[in-house]
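# no sequence on this one, just coordinates:
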């Protein structure tokens, strides 16, 4: 039980509208999304659209964790399933094209470079972790990570993530992740690539 938000549980399709709104708030000032969608007035719309797609894709793996009220989420891809299915990847690109406009080419190149550095060894991939700003700092993120990190330790499987927020590096290091690489997006922020060996 997390104070004020209830139990950690698996998300369902009924949570998609609430989760897309919560994640849009959580990532509004994220350096990566500010680089992709620089206009603050339209960024919330684009983020809601983006996260609605991400939630639906990752729900298929049944490893999206949230709480009562769906104000936060940890969204994982299972080992060897971190790449989106081709149809889903195409739909995401089509959905993002109007939002990115002239930035589409550089954004696609940047995401391709991030994917090129993605480890090939089997691992759990933390695709998204976000909590509504008003609820941050209350241990919700840690609680949402716990089910899969416990499975990683039990089964001897590593975990991996990327973050463009420098303050997140320390948060993840306290949970066993270590920076293994980094890159700077063209005209954009640095991205830290982090790996966690099972404990």
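Thanks, I have the structure now. All values derive from a computational prediction rather than experimental measurement.
# burial measure for the nearest residue to residue 31 once chain neighbours are set aside, as a count.
Leaving aside its sequence neighbours, residue 31 sits nearest to residue 189 (Cβ to Cβ, 6 or more residues apart in numbering; 3.6 Å). Glycine gets a C-beta too; all of them are placed from N, C-alpha and C. For residue 189, the neighbour count with other Cβ atoms under 10 Å is 17.
# Next, work out how far apart residue 189 and residue 195 are.
20 Å (Cβ to Cβ, to the nearest Å).
# cool, and residue 105?
Taken as Cβ to Cβ, the span from residue 105 to residue 195 is 30 Å.
# Same check on residue 84?
21 Å.
# next SSE after the helix or strand hosting residue 49?
Residue 49 belongs to helix 43-59 when assigned by DSSP states H and E. Beyond helix 43-59 in the direction of the C-terminus, DSSP H and E gives the next helix or strand as strand 64-67.
# Can you spell out which helices and strands pack onto the next helix or strand after that following strand?
With elements assigned by DSSP H and E, the helix or strand that comes after strand 64-67 is strand 72-77. On a contact count with 3 or more Cβ pairs under 8 Å, 6 or more residues apart in numbering; DSSP states H and E, strand 72-77 meets helix 16-26, helix 43-59, strand 64-67, strand 124-131, helix 140-155.
# circling back to that earlier point, could you give me the average pLDDT of the helix holding residue 49?
Taken as a whole, helix 43-59 has an average pLDDT of 91.
# Just list what that helix packs against, helices and strands only.
helix 16-26, helix 31-36, strand 72-77, helix 86-100, strand 124-131.
# Next, the distance between the ends of stretch 131-143.
11 Å (Cα to Cα, to the nearest Å).
# what's the answer for stretch 56-68, then?
18 Å.
# Worst mean pLDDT among the helices and strands packed on helix 43-59?
Looking at these, the bottom one is helix 86-100 with a mean of 61.
# State the next helix or strand along the chain beyond that one.
Next along from helix 86-100, by DSSP H and E: helix 104-116.
# Could you give me the buried positions within that next one?
Buried residues in helix 104-116, defined by neighbour count with 16 or more other Cβ atoms under 10 Å: 106-107, 110.
# what do you get for stretch 118-129?
123-129.
# Quick check, central residue of this structure?
residue 128 (1.5 Å; Cα atoms, centre = their mean).
# so how far is residue 105 from that residue?
Taken as Cβ to Cβ, the span from residue 128 to residue 105 is 24 Å.
# Many thanks, have a good one.
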